[in-house]
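Peer 1: Give me coordinates for this.
(2 chains)
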Protein chains: 2
Amino acid sequence: MFDKILFPTDFSDVAAKALQYVKQLRETGGREVVVLHVIDQSNLELLSSYSTIGDYITIEKEIDKRASEEIGIISNELRQLGFTVKERIEKGIPRRVVLKVADEENPSVIVVGSHGKSNLEEMLLGSISEKVVRKSRHPVLVIKR
Amino acid sequence: MFDKILFPTDFSDVAAKALQYVKQLRETGGREVVVLHVIDQSNLELLSSYSTIGDYITIEKEIDKRASEEIGIISNELRQLGFTVKERIEKGIPRRVVLKVADEENPSVIVVGSHGKSNLEEMLLGSISEKVVRKSRHPVLVIKR
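Peer 2: Numbers count the residues shown, from 1 in each chain, chains lettered A, B, ... in the order given. Here you go, the predicted structure:
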């Protein structure tokens, strides 16, 4: 029932809190975690309009590198608890990518923080967790700030 | 982390599915379940406008009796698994009552079905689970239809 967990993270404080719940699910048969980080396309577009091509490439590489490092730390913590871990770093619109990956991975449950870092998007469109709760066909555990 | 569970149920199929998840949480330290059923005030008002006082009292008693019976069946199932169970039957507006009871009971997690029986309310106001996810300060596990 909690066998395969999809954990989307933007590395925010609420996501860190949600990670504690993911770990706890190990005790109730949690076996595999897909850790997903979405690099927000709109941030990249904003960045590209304010920087030279050279700067942009440098900064994008830096963003990719940091995402890999952060997701690696999370994966290690989960592996130490006995989980099988799959890492996915995607670029796109976070709420859409989370739903797309949920469709592809078909998790038993999605564990997600109620609010993320992207306050502008949340103000305009509602939080990602609300979209996921509304649109996903999978159970969703929402952890609050 | 999943110590005290609030389980609001309208006795629908989705709520029955959510109950299976509540049971599963026993394995990860679930100890106490508050089973909540809200008798929808708007249904009672509708009923009162279409029936004589005598009929209304009879039907309201019947509604109360059925709610007690249904919640009793759920409680027994949970007690057999070793949970401590508290039953609450309330009258009011379901989404408000769920949030009020969550404030009073301070559960570790709320487990709720994504959609209930009251399709009219959901069409007008969105589903109860969405309101609970948005407004509650507690973690919410939403089980989909």
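Peer 1: quick one: low-confidence ranges for chain A?
Peer 2: Along chain A, segments meeting pLDDT under 70 span A:118-126.
Peer 1: in chain A, which spans are strands?
Peer 2: Listed in chain order, the strands of chain A (DSSP state E) span A:4-8, A:32-40, A:84-92, A:109-113, A:140-143.
Peer 1: Residue B:15: which of these is closest?
Peer 2: With distances scored as CB to CB, the stretch of these nearest to residue B:15 is strand A:140-143 (16.2 Å). Where C-beta positions appear, they are placed from N, C-alpha and C, glycine not excepted.
Peer 1: Export that closest one to CSV, keeping only CA atoms.
Peer 2: What follows is strand A:140-143 as a C-alpha-only set of coordinates in CSV (Å, rounded to 0.1, in the frame of the first residue of the first chain):
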residue,chain,number,x,y,z
VAL,A,140,-1.2,11.9,-1.9
LEU,A,141,0.3,12.6,1.5
VAL,A,142,0.6,16.4,1.9
ILE,A,143,2.9,17.6,4.7
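Peer 1: Does anything pack onto that strand? Which helices or strands?
Peer 2: Applying 3 or more CB pairs under 8 Å, 6 or more residues apart in numbering or on different chains; DSSP states H and E, one finds that strand A:140-143 contacts helix A:13-24, strand A:109-113, helix A:128-135, strand B:140-143.
Peer 1: What strands line up against the shortest one, and which way round?
Peer 2: Strand B:140-143 has its sheet partners listed here by DSSP bridges as strand A:140-143 (antiparallel), strand B:109-113 (parallel).
Peer 1: Enumerate every residue touching residue A:5.
Peer 2: Contacts for residue A:5 were tallied using CB atoms under 8 Å, 6 or more residues apart in numbering or on different chains; they are A:22, A:25, A:30, A:32-34, A:107-111.
Peer 1: ditto for residue A:69
Peer 2: Contacts of residue A:69 by CB under 8 Å, 6+ apart: none found.
Peer 1: Kindly provide the distance from the residue of chain A positioned farthest from its centre to residue A:102.
Peer 2: Computed with CA atoms, centre = their mean, the residue of chain A farthest from its C-alpha average is residue A:52, at 28.8 Å. Distance of residue A:52 to residue A:102, computed by CB to CB, to the nearest Å: 37 Å.
Peer 1: Any chance you could note which residues of chain A sit beside chain B?
Peer 2: Within chain A, the positions near chain B by CB under 8 Å from any CB of the partner chain are A:1-2, A:20-21, A:24-25, A:27-29, A:109, A:114, A:129-130, A:133-134, A:136-144.
Peer 1: now with 10 Å?
Peer 2: Contact residues, chain A versus chain B (CB under 10 Å from any CB of the partner chain): A:1-2, A:17-18, A:20-21, A:23-30, A:108-111, A:114, A:126-127, A:129-130, A:132-134, A:136-145.
Peer 1: re the thing from before, quick one: contacts for the residue farthest from the centre of chain A?
Peer 2: Contact analysis of residue A:52 by CB atoms under 10 Å, 6 or more residues apart in numbering or on different chains lists residue A:58.
Peer 1: before we move on, back to that, CSV for the strands paired with strand B:140-143, including mean neighbour count and distance to residue B:86?
Peer 2: Formatted as CSV, the strands paired with strand B:140-143 follow (neighbours: other CB atoms under 10 Å in any protein chain shown; distance: least, CB to CB, whole Å):
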stretch, mean neighbour count, distance to residue B:86
strand A:140-143, 27, 22
strand B:109-113, 27, 14
